[in-house]
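> got a predicted model here, sequence first, then my questions.
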Amino acid sequence: MQFEDHPHRRFNQLTGEWVLVSPHRTKRPWQGQQEQPDRATLPAYDKQCYLCPGNGRAGGAVNPDYADTFVFTNDFAALLPEGAEQPPATDNHSLLVAEPETGVCRVICYSPRHDLTLARLGAAQAAKVVDLWCEESVSLGSRADIGYVQIFENRGQAMGCSNPHPHGQIWATRSVPMIPAAEDRRQHAHRAEKGTCLLCDYLSLELARGERIVFENDSFAALVPFWAVWPFETMILPKAHLADVAAMDPAQRRDLADAMVRLNIRYDNLFETSFPYSMGIHQAPSDGADHPHWHFHLHYYPPLLRSRTVRKFMVGYEMMAMPQRDLTAEAAAARLREQPEVHYMDLPDAGENA
Ligand SMILES: O=C1CCN([C@@H]2O[C@H](COP(=O)(O)O)[C@@H](O)[C@H]2O)C(=O)N1
Ligand SMILES: [Zn+2]
């Protein structure tokens, strides 16, 4: 019996946390999908949609008749650029610590099409989203009051996404949020100890091993990390040592767009449904300092476990003790590797029972 066949825990080099893995519980044969493919379609334009071109938004603003990407400041932003100079009243007790937080929240529409997610927008349109992420990251990051730019996307109702229109968000904050701060410390410690980049070392190991690689192109690799928590969690990593998205050259930006589209197609094909996830980009803080230990990367955290309707919940033991999974990272990577890169809705027989 291999070590991997027994319950064991794996160390996340990026965060310094552990995940419990119980592979023996997946000995039962894979319960393939029981449901029919999800062939529901949306209109290309929805006059009720607050993200569609030309429509009014809840706050009263009206969207331009945009033909490509479109970005606006969130009408209900969780952060404001100007904040109280003083921390909230905490009757000065040392156990009650609070401090002001300020920032800017932006909403990015990937395309005027209400119905096409990244998986079906194609790499050319996805490249325009990457370009806009880079522009926003530079303009927000260059502000004296912004220390970190968090690019992310909630996809699907399962992830609380309020609108199917393909879109993402950027929250830029004065301080570096907890998770990027933890990854910053781990990458810094690795470089201080070994003189090398943690993710350069990790990616070359994974490319040599192959068992957790999903696919690669010239500039990026998509993989299920050895320490994955969510069943089909993946990362997209640049092969070059790039600290943030602005460091990409045009070819690398196009390759990132290619990698995101290919991963999205594989995800949607897994259970023949629009695969929900939260995606985020971790990159170097934007404080203007040099961050040689930083290697930017994308995380995908998808909740689905066995089918369109069977999802993983992080509750109970996972809230009180630590994350736990049955499906191993290697098995998840194999399932994603075997997915075709033509979207199930674009397959020839898609029209028959549409
Ligand atoms: O008219 C609107 C409605 C939604 N929004 C904003 O769009 C954002 C979309 O959120 P989701 O990505 O979670 O669906 C959400 O943060 C919400 O505040 C506007 O800025 N204007
Ligand atoms: Zn729309």
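That came through, no problem. Ligands and ions are numbered 1, 2, ... in the order given.

> when you work out contacts or count neighbours from here on, use the C-alpha atoms and nothing else.
Fine.

> quick one: the helices in this structure?
Using DSSP state H, the helices found in the chain span residues 118-121, 123-141, 178-194, 198-209, 250-270, 317-320, 329-337.

> just checking, what packs against the third one?
Applying 3 or more CA pairs under 8 Å, 6 or more residues apart in numbering; DSSP states H and E, one finds that helix 178-194 contacts helix 198-209.

> now swap in the fourth one and tell me
Identification of packing neighbours for helix 198-209 by 3+ CA pairs under 8 Å, 6+ apart yields helix 178-194.

> what residues sit buried inside the helix it packs on?
P180, A181, E183, D184, R185, R186, Q187, H188, H190, R191 (16 or more other CA atoms under 10 Å).

> mind listing what the fourth one touches?
Applying CA atoms under 8 Å, 6 or more residues apart in numbering to D184 gives the contacts A284, H293, W294.

> if we go to 10 Å?
Applying CA atoms under 10 Å, 6 or more residues apart in numbering to D184 gives the contacts 14-15, 176, 178, 190, 282-285, 291, 293-295.

> same check on the first one?
Contacts were defined as CA under 10 Å, 6+ apart; by that measure P180 touches L14, T15, Y148, Q150, R186, I281, H282, Q283, A284, P285.

> send me stretch 157-168 as PDB with only the CA atoms.
Only the C-alpha atoms of stretch 157-168 are listed here, as PDB (Å, rounded to 0.1, in the frame of the first residue of the first chain):
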ATOM      1  CA  GLN A 157     -24.600  31.400  -8.200                       C
ATOM      2  CA  ALA A 158     -23.000  28.700  -6.000                       C
ATOM      3  CA  MET A 159     -20.300  31.400  -5.300                       C
ATOM      4  CA  GLY A 160     -22.800  34.100  -4.500                       C
ATOM      5  CA  CYS A 161     -22.300  35.700  -7.900                       C
ATOM      6  CA  SER A 162     -25.300  38.000  -8.300                       C
ATOM      7  CA  ASN A 163     -25.300  38.200 -12.100                       C
ATOM      8  CA  PRO A 164     -24.400  35.700 -14.800                       C
ATOM      9  CA  HIS A 165     -23.000  38.500 -17.100                       C
ATOM     10  CA  PRO A 166     -19.200  37.600 -17.300                       C
ATOM     11  CA  HIS A 167     -17.500  40.000 -14.900                       C
ATOM     12  CA  GLY A 168     -14.800  40.200 -12.200                       C
END
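
> okay, now the closest residue to R106 other than its chain neighbours: neighbour count?
Spatial nearest neighbour of R106, chain neighbours left out: T73 (4.3 Å); criterion: CA to CA, 6 or more residues apart in numbering. Residues lying near T73 (other CA atoms under 10 Å) number 14.

> and P87, what pLDDT?
Note for P87: predicted pLDDT of 72.

> which ones are touching the residue nearest to it when sequence neighbours are not counted?
Nearest residue to P87, sequence neighbours excluded (CA to CA, 6+ apart): E99, at 4.5 Å. By CA under 10 Å, 6+ apart, the contact set of E99 is A84, E85, Q86, P87, P88, A89, T90.

> again, only using 8 Å
Applying CA under 8 Å, 6+ apart, we find E99 in contact with Q86, P87, P88.

> over to L207?
By CA under 8 Å, 6+ apart, L207 lies in contact with I213.

> swap in T102?
T102 makes contact with L79, L80, P81, E82, G83, D145, T173, R174, according to CA under 8 Å, 6+ apart.

> that older thread, quick check on the contacts of E99: which are buried?
Here, 16+ other CA under 10 Å leaves nothing buried among those.

> just put those in a markdown table and tack on distance to ligand 1.
Output for the contacts of E99, formatted as a markdown table (distance: CA to the nearest ligand atom, whole Å):
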| residue | distance to ligand 1 |
| --- | --- |
| Q86 | 26 |
| P87 | 25 |
| P88 | 24 |
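
> can you name the residues that contact L79?
E101, T102, G103, V104, C105, W171, T173.

> format the helices of the chain as TSV; extra columns: mean pLDDT and distance to T309.
Output for the helices of the chain, formatted as TSV (pLDDT from 0 to 100; distance: least, CA to CA, whole Å):
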stretch	mean pLDDT	distance to T309
helix 118-121	94	20
helix 123-141	98	28
helix 178-194	98	29
helix 198-209	98	31
helix 250-270	98	13
helix 317-320	97	21
helix 329-337	98	17
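
> what's the most buried one of these?
helix 250-270 (a mean of 22; mean count of other CA atoms under 10 Å).

> same for that one, what does it pack against?
Judged by 3+ CA pairs under 8 Å, 6+ apart, helix 250-270 is in contact with helix 118-121, helix 123-141, strand 220-223, helix 329-337.

> tell me which other helices or strands the last one touches.
The reference is to helix 329-337. Packing contacts for helix 329-337, counted by 3+ CA pairs under 8 Å, 6+ apart, involve strand 213-216, helix 250-270.

> do the second one as well
Counting contacts by 3+ CA pairs under 8 Å, 6+ apart, helix 123-141 is packed against strand 148-155, helix 250-270.
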